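Asker: I need the structure of the sequence given here:
(2 chains)
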There are 2 protein chains.
Amino acid sequence: MKKKIYVVKIGGNVINDSIKLHQFLRAFQALEGFKLLIHGGGAKATQWGDRLSLNAQMIEGRRVTDDQMIDVVTMVYAGLINKKIVAALQAENCDAMGLSGVDANLIFSKKRRFEGIDYGWVGDPLFVNVVRLSTFIDLGLVPILAPITHEGQGNLLNTNADTIANAVASAMVKKYEVHLIYAFEQRGVMKDVQNPDSLIKSINHSYYLELKANGFVSKGMIPKLDNAFQARANGVSKICIIKFDKINRLNQGYDHTSII
Amino acid sequence: MKKKIYVVKIGGNVINDSIKLHQFLRAFQALEGFKLLIHGGGAKATQWGDRLSLNAQMIEGRRVTDDQMIDVVTMVYAGLINKKIVAALQAENCDAMGLSGVDANLIFSKKRRFEGIDYGWVGDPLFVNVVRLSTFIDLGLVPILAPITHEGQGNLLNTNADTIANAVASAMVKKYEVHLIYAFEQRGVMKDVQNPDSLIKSINHSYYLELKANGFVSKGMIPKLDNAFQARANGVSKICIIKFDKINRLNQGYDHTSII
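Answerer: Okay, here's the model as predicted:
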């Protein structure tokens, strides 16, 4: 029987709020068994970019990353956010180890090139080094992954954290029974964000397409759900979208959206 | 017989110059056998501090690290510099893995408290996790250490890279025959920095005290040499101070200063 592992993704808005971040980290720390964390941090990179008078350019929810912005996102994601999370977890006796996709060649990407649009230093994952990741996990370490990858030519690439979560979870299927958790500020996918009773408790691909066609899922949710359904197709056992402070209480029946 | 390991420290001025940094990294990559790297990065942190209109305060060659400055040094050391070095080494087929002292609890420090002087978020190493480091090295990984440590309470501490090099080298003595290399811009310790013929080829502790008493060693060199002699006293086999692009040619008789 394969060992179970939790692959958890935490979003930028929670990271940006230190009280919420610590609530999330307590829940993550309480999650029993093998686990790893992928964090974003978009809002914080934008703040530091503003302080440095850089302009964050966005195309379809993805940051355009020029020479200056790749330095800023590397500093903020792989430096500030990653090490603060690791220090907080170490203080709670969770043996966290912060890494980016560059370290130990964990995540190898392809620089994104689309006709007409130059995304700059942006990468899409091609290969996840499951051997290294599982070695670290077997040593009792908890990998904390920052969304920076590389293409093997010495350049760093800004990489969407939801996509990394999908790529890591999908690659881990070979060795583990993978549970993928997208944690963020909402209780799950809401049909109407203003209405707390509109939580969608489970969603399959055809229902997703229907919701999307009718405009019920918003811009930011689309890449997350695309990644979630791709992970499902790749053999990830369980996938859910849940509020950041409830990730250790899935079995207690707390509300969330299951991807089925 | 113990396995040989090179513990290399590279200074901030070389890091600040991308051509010199790449010359150094090629020499480091060519160094055969087990190795690890500790990097500083003081000048780059000051530059980013300036861009953010922070003032770098120094007392006796050590940065005073307030709440804002610990964020900046964490971003610059553990983020930007560390990941650029790792990406460059990975491009040369060196399986580098960037870590700070927080990650996997590698370097545990004590927050510095001296009467009358508040150094802020500054730490002095108490414990180096040799078990973890040697596990990574045995896996074929090359640890690249950023000079950020922690005190187990969730706070990050700015830590002198020369001191970390001494602490790591000294702790590794239990398991390895340790060769400690301080690499920087000069050929070694110079009696007169203006005179290239004044290289001191070897220096013992009493000669060091004599040079110091007569003002022949400068401010920046004193903590480096203090650390080097402490490592010597702790059983480190060989210690030398050498130019950054010559570290792989020690056996070919290139000039350097040996600490004896």
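
Asker: Got phi/psi on the residue in the stretch 1-150 of chain A positioned nearest to chain B?
Answerer: Per Cβ to the nearest Cβ, A:G79 is where the stretch 1-150 of chain A lies closest to chain B, at 2.2 Å. Every C-beta, even on glycine, is put in place using the N, C-alpha and C of the backbone. Main-chain torsions, A:G79, degrees, to the nearest 10: phi -100, psi -90.

Asker: measure the residue nearest to it when sequence neighbours are not counted to B:P143 for me?
Answerer: Using Cβ to Cβ, 6 or more residues apart in numbering or on different chains and skipping residues adjacent in sequence, the residue nearest A:G79 is B:G79, 2.2 Å away. Computed as Cβ to Cβ, to the nearest Å, the B:G79 to B:P143 distance reads 17 Å.

Asker: So for those two, which sits in the more crowded spot?
Answerer: B:G79 (31 against 24; other Cβ atoms under 10 Å in any protein chain shown).

Asker: Contacts only, for the more buried one.
Answerer: A:74-80, A:82 (Cβ atoms under 8 Å, 6 or more residues apart in numbering or on different chains).

Asker: Take those and keep only those in helices.
Answerer: A:N82 (DSSP state H).

Asker: So which of the contacts of B:G79 is the closest to A:A27?
Answerer: Nearest to A:A27, judged by Cβ to Cβ, of these is A:N82 at 18.6 Å.

Asker: Hmm, A:I148 and the closest one touching each other?
Answerer: No - with contacts counted by Cβ atoms under 8 Å, A:N82 stays clear of A:I148, the gap being 9.1 Å.

Asker: any idea where the strands of chain A begin and end?
Answerer: Along chain A, counting by DSSP state E, strands occupy A:3-10, A:34-39, A:57-59, A:62-64, A:96-100, A:107-111, A:123-128, A:142-146, A:148-150, A:156-158, A:176-184, A:202-203, A:238-243, A:257-259.

Asker: Model confidence score at A:I107, please.
Answerer: We note a pLDDT of 98 for A:I107 in this prediction.

Asker: Next to chain B, which bits of chain A? Give me the list.
Answerer: A:48, A:51-52, A:71, A:74-80, A:82-84, A:86-88, A:90-91, A:95-100, A:102-105, A:132, A:135, A:139, A:141, A:148, A:150, A:152-156 (Cβ under 8 Å from any Cβ of the partner chain).

Asker: residue contacts, A:Q68?
Answerer: Contacts of A:Q68 (Cβ under 8 Å, 6+ apart): A:52, A:54.

Asker: ditto for A:V173
Answerer: Per Cβ under 8 Å, 6+ apart, neighbours of A:V173: A:234-236.

Asker: One more: A:L21?
Answerer: A:L21 neighbours (Cβ under 8 Å, 6+ apart): A:14-15, A:85, A:88.

Asker: wait, which of these is closest to A:K110?
Answerer: A:I15 (26.4 Å).

Asker: That closest one: neighbour count?
Answerer: If you count neighbours by other Cβ under 10 Å, A:I15 ends up with 24.

Asker: what does A:G235 give?
Answerer: Other residues near A:G235 come to 13 when the count uses other Cβ under 10 Å.

Asker: hey, what's A:P125 bridged with?
Answerer: A:S109 (DSSP bridges).

Asker: So what does A:T159 look like in phi/psi?
Answerer: Dihedral angles (degrees, to the nearest 10) for A:T159: phi -140, psi 130.

Asker: what about the stretch 51-200 of chain A, any weak spots by pLDDT?
Answerer: A:56, A:60-63 (pLDDT under 70).

Asker: if we can go back for a sec, just name the closest of the contacts of B:G79 to A:W121, please.
Answerer: Out of the contacts of B:G79, the member with the shortest distance to A:W121 (by Cβ to Cβ) is A:T74, at 9.3 Å.

Asker: who's in contact with A:G11?
Answerer: Shown in contact with A:G11 (Cβ under 8 Å, 6+ apart): A:40, A:161, A:182-185, A:244.

Asker: Need the max-distance pair from those.
Answerer: A:A161 and A:E185, at 14.9 Å, using Cβ to Cβ across these.

Asker: neighbour count winner among those two?
Answerer: Ranked by neighbour count (other Cβ under 10 Å), A:A161 and A:E185 place A:A161 first, with 23 against 12.

Asker: Which residues lie in contact with A:K238 in this structure?
Answerer: Contacts of A:K238 by Cβ under 8 Å, 6+ apart are A:178-180, A:258.

Asker: can you pull the alpha-carbon coordinates of stretch A:94-101 into PDB?
Answerer: The C-alpha coordinates for stretch A:94-101 follow below in PDB (Å, rounded to 0.1, in the frame of the first residue of the first chain):
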ATOM      1  CA  CYS A  94       7.800  20.900  12.600                       C
ATOM      2  CA  ASP A  95      11.100  20.100  10.800                       C
ATOM      3  CA  ALA A  96      10.500  22.300   7.900                       C
ATOM      4  CA  MET A  97      13.000  22.900   5.100                       C
ATOM      5  CA  GLY A  98      12.500  25.700   2.700                       C
ATOM      6  CA  LEU A  99      13.400  25.100  -1.000                       C
ATOM      7  CA  SER A 100      12.700  26.500  -4.400                       C
ATOM      8  CA  GLY A 101      12.400  24.500  -7.600                       C
END
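
Asker: What count of nearby residues applies to A:A213?
Answerer: A:A213: 9 surrounding residues under other Cβ under 10 Å.

Asker: With A:K175 instead?
Answerer: 16.

Asker: Quick check, it in contact with A:V130.
Answerer: Yes - using Cβ under 8 Å, A:K175 is in contact with A:V130, at 6.1 Å.

Asker: end-to-end on stretch A:96-104?
Answerer: Using Cα to Cα, to the nearest Å, one end of stretch A:96-104 lies 16 Å from the other.

Asker: now do stretch A:22-37
Answerer: Using Cα to Cα, the two ends of stretch A:22-37 sit 14 Å apart.

Asker: same deal with stretch A:212-219?
Answerer: Stretch A:212-219: ends 10 Å apart by Cα to Cα.

Asker: quick one: contacts of that stretch?
Answerer: With Cβ under 8 Å, 6+ apart, stretch A:212-219 has contacts from A:61, A:189, A:191-193, A:208, A:211, A:222, A:225.

Asker: and with 10 Å instead?
Answerer: With contact meaning Cβ atoms under 10 Å, 6 or more residues apart in numbering or on different chains, stretch A:212-219 is reached by A:60-61, A:189-193, A:198, A:200, A:203, A:207-211, A:221-222, A:224-226.

Asker: Buried among those? Need that as a selection in PyMOL.
Answerer: Buried residues within the contacts of stretch A:212-219, by 16 or more other Cβ atoms under 10 Å in any protein chain shown, are selected in PyMOL with:
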select buried, chain A and resi 189+190+200+203+208+211+221+224+225
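
Asker: Would you report which members of the contacts of stretch A:212-219 are assigned to helices?
Answerer: Using DSSP H, those in helices are A:207-211, A:221-222, A:224-226.

Asker: can you tell me which of the residues you listed lies nearest to chain B?
Answerer: Out of the ones in helices among the contacts of stretch A:212-219, the member with the shortest distance to chain B (by Cβ to the nearest Cβ) is A:K224, at 25.3 Å.

Asker: Was I right to think the closest one contacts A:F184?
Answerer: Yes - applying Cβ atoms under 10 Å as the test, A:K224 and A:F184 come out as touching, 8.1 Å apart.
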